[in-house]
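In: Predicted structure and sequence below. I'll ask about it afterward.
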Amino acid sequence: MIQFEDVAVRYGRMADVLSDVTFRLEPGSFHYVSGPSGAGKSSLLKLMYLAMPPTRGRISLFGRDVESLDRNERALLRRMVGVVFQEFRLLNHLTVFENVALPMKISGERPSRRQAHVKELLEWVGLGSHLHAAPLTLSGGQQQRVAIARAVITRPKLLIADEPTGNMDDRMAVRLMYLFEELNRIGTTVVIATHNDRLIERFAHPVIHLNEGRLSILEPGEQVLA
Ligand SMILES: Nc1ncnc2c1ncn2[C@@H]1O[C@H](COP(=O)(O)OP(=O)(O)OP(=O)(O)O)[C@@H](O)[C@H]1O
């Protein structure tokens, strides 16, 4: 699904943020990304969703070397990836409903199917009474849930989420974890960056741990040692 070989990232003249990163995530897997603030979690996710190229090394996604892709191929590949950005990136001139419906519209789903599916998902994330609201009238946690609904509405092959439960209370965070696990159960590969150790303990999955530019993969239970 995702393969990194000797990947490094450096911004400007700074030291490498990531160096010699090599790992492989299998289709259908579920991983967290953890590590101290500034360890490079967001940078790792950006590489995965093709928002930036590595400074060195090779990355392949869905079996394709991403460096060899032309613009169209890259856009097609990106369409198979649902992304929850740390800063949400909602379209503020559209309603909550329209934001979540947009990926379905782009992928050519029938309006009748869109209507029912978007409504059902927004109800599940607790926003059933905000369908026609403008995103900027919502709280941070509510906007984050809109961003999550938009990322998962098309059941992407790969879901990449940067601190998706960062602005939520525990009850909602748990509810969203059920959503991610359900998606994973039906075939989506999931990668979630989080600082929330309680969630990592409760919903046990391997952890991609970053520290001082190095990456290690810890199986559930090993985190305590990290
Ligand atoms: N566009 C950029 N230009 C310059 N430096 C950057 C850029 N993006 C990230 N960095 C630096 O790279 C390092 C890693 O940042 P990154 O956002 O990947 O870490 P993180 O683990 O996600 O941190 P946090 O948990 O605080 O979100 C930090 O020192 C950051 O300042």
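Out: Yep, it's here.
In: Just the mean pLDDT for the longest helix along the chain, thanks.
Out: Longest among the helix segments of the chain by residue count, using DSSP state H, is helix 170-185. Per-residue pLDDT over helix 170-185 has a mean of 93.
In: buried set for the following helix or strand past it?
Out: Using DSSP states H and E, the helix or strand that directly follows helix 170-185 along the chain is strand 189-193. Under the neighbour-count criterion of 16 or more other CB atoms under 10 Å, strand 189-193 has Thr189, Val190, Val191, Ile192, Ala193 buried. For every residue, glycine as well, the C-beta is placed using N, CA and C.
In: can you check stretch 84-102 too?
Out: Per 16+ other CB under 10 Å, stretch 84-102 contains these buried residues: 84-86, 88, 90, 95-102.
In: now, among the residues you listed, which is nearest to the ligand?
Out: Set against the ligand, the nearest of the buried residues of stretch 84-102 by CB to the nearest ligand atom is Gln86 (6.7 Å).
In: Tell me the residues of this structure that contact the ligand?
Out: Tyr11, Val17, Gly35, Ser37, Gly38, Ala39, Gly40, Lys41, Ser42, Ser43 (CB under 6 Å from any ligand atom).
In: Might you report the residue contacts of the second one?
Out: Spelled out, that is Val17. Each residue near Val17 by CB atoms under 8 Å, 6 or more residues apart in numbering is listed here: Val9, Arg10, Tyr11, Gly40, Ser43, Gly213.
In: Could you list the buried residues of stretch 154-172?
Out: 154, 156-168, 172.
In: Regarding it, how distant is the last residue from the first?
Out: Distance between the two ends of stretch 154-172: 21 Å, counting by CA to CA, to the nearest Å.
In: Tell me the pLDDT of Gln86.
Out: The score at Gln86 is 88. That number is its pLDDT.
In: was I right about it contacting Glu163?
Out: Yes: using CB atoms under 8 Å, Gln86 is in contact with Glu163, at 5.4 Å.
In: can you tell me how far Arg89 sits from Val125?
Out: Computed as CB to CB, to the nearest Å, the Arg89 to Val125 distance reads 17 Å.
In: And Thr95, by the same measure?
Out: In terms of CB to CB, Thr95 sits 15 Å off from Val125.
In: now do Asp170
Out: From Asp170 across to Val125, the span is 15 Å (CB to CB).
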